[in-house]
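no sequence on this one, just coordinates:
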C-alpha cells in the first residue's frame, strides 16, 4: 500500500471513530470510562519509590516524562526509545486504551514513573500515605487553553471541544475535562508545602531548560555531568521530540495529526493568535478574580 493510500485509510478510520463520552467524579468532569471504574483508580496502591508526573492536560506532561526518563537513564537515548512514552509511563486514570491505566501500572516493576492529570483532591490517597515524589508542571492559562483545544480536536479519545468560542467558555467556567484549570494549578501549588512535590513552570523550562532540568535531576537524587546534561537538553528540545516516534504519539490511531499535530508549536504566547480583544479582556477579568487568593503567578509571554 502506498503512503498516500495508507494515509487515506487511517483518515477514514479516524473519521469513523466515536468520541468519548464524559461524566463527573465529585463535580469534576472526567471521561466516562474513568468514572465507570473510579473505585479501581481511587484504590490504586502507590509505592514510596514511585515518581508521579502530574499536570493539567497539555501543560508539558510529555516533556517532563521525557526529561525524567533521560535523567533516570543517564542520558542514554536508546534506552529512552525502548518503548512509546505511554507504555513507559502509565496514565493512571485512562482505562480503555492499551498500555495505560492502573492495570499497566500494577504490572510494572519498581521504581515506577507514572502520569496523571487528576486534580489534587482526586489523587489516590496512597500517594500521600507513601510520601511518593511528585513533579507537577504548570502552564499559563491562555496558552494551555489554546493547546488543549487543538488536542481535543485531533484526539477521538476525548470529546469534541466544539468551536473555539464554545471551548473558550468551557475552559473559563471549569466545565472541561479534568475540571477547572484555576483549581488544578492552585490545588497542587498548596500541596507542595506539605508533600514532596517539585512544582515547575512550562515557561521556565522554555526559557532556561538546563536550569530546570538540573532541578529535576536534584529532585531525583541524580548527579550527572555537564556533557550528559547538555545531551538531555538537546534530546528533550521541542524540535527533536517532535520527530521522535517514541514521544510524539504518531502511533496512536485515536490521534489525527493532520487535524493538529500532538506536538504543535511548543511556544509561549501563541494565545495571541487566537484570543480576540474582547475574549482577552473577559479572560483577564475572570483570571484576576480567580487568582486573587494565591501567591501563584504565571508568565503569559516571554
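Yep, it's here. What you see is a predicted model; the values in this text were computed from it and never measured.

tell me how far stretch 138-153 is from the chain's mean position?
For stretch 138-153, the separation from the chain centroid amounts to 10 Å (computed by CA atoms, centre = their mean, to the nearest Å).

ok, and the closest non-adjacent residue to the residue positioned nearest the centre of the chain?
Central residue of the chain (CA atoms, centre = their mean): residue 61, 3.4 Å from the mean position. Counting by CB to CB, 6 or more residues apart in numbering, residue 61 lies nearest to residue 55, which is 4.6 Å off, once chain neighbours are set aside. For the C-beta atoms, the positions are set from N, CA and C on the backbone; glycine is no exception.

Could you pull up the residues touching that neighbour?
61, 64, 117, 136-139 (CB atoms under 8 Å, 6 or more residues apart in numbering).

quick one, what contacts the residue nearest to the centre of the chain?
So residue 61 contacts 53, 55, 115, 117, 137 (CB under 8 Å, 6+ apart).

before we move on, what about residue 203?
139-140, 268, 298-299, 302.

change it to 7 Å
By CB atoms under 7 Å, 6 or more residues apart in numbering, the contact set of residue 203 is 140, 268, 299.

For PyMOL, what selects the buried ones among those?
Only the buried entries of the contacts of residue 203 go into this PyMOL selection, using 16 or more other CB atoms under 10 Å:
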select buried, resi 140+268
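
In JSON lines: the contacts of residue 203, plus pLDDT.
Shown next, in JSON lines, are the contacts of residue 203 (pLDDT from 0 to 100):
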{"residue": "140", "pLDDT": "97"}
{"residue": "268", "pLDDT": "83"}
{"residue": "299", "pLDDT": "85"}
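
taking the contacts of residue 203 one by one, which sit in helices?
The members of the contacts of residue 203 all map outside helices under DSSP state H.

between the contacts of residue 203, which is nearest residue 178?
Among those, residue 140 lies closest to residue 178 (CB to CB), at 16.8 Å.

ok, the closest one to residue 110 distance?
Going from residue 140 to residue 110 by CB to CB, to the nearest Å gives 35 Å.

ok so, going back, how much space between the residue nearest to residue 61 and residue 292?
Applying CB to CB, the value for residue 55 to residue 292 is 23 Å.

Likewise for residue 54?
Taken as CB to CB, the span from residue 54 to residue 292 is 24 Å.

The two: which is more packed in?
Taking other CB atoms under 10 Å, residue 54 and residue 292 do not tie; residue 54 has more neighbours (27 against 7).

need the contact list for that one.
Applying CB under 7 Å, 6+ apart, the residues near residue 54 are 116, 134, 136, 188.

Partner strands of the helix or strand where the second one lies, with direction?
The secondary structure element spanning residue 134 is strand 133-138 (assigned by DSSP states H and E). When pairs are called by DSSP bridges, strand 133-138 turns out to pair with strand 51-55 (parallel), strand 197-201 (parallel).

Name the next helix or strand downstream of the last one, please.
By that I understand strand 197-201. That would be, after strand 197-201 and using DSSP H and E, helix 202-207.

No further queries at this time; thank you.
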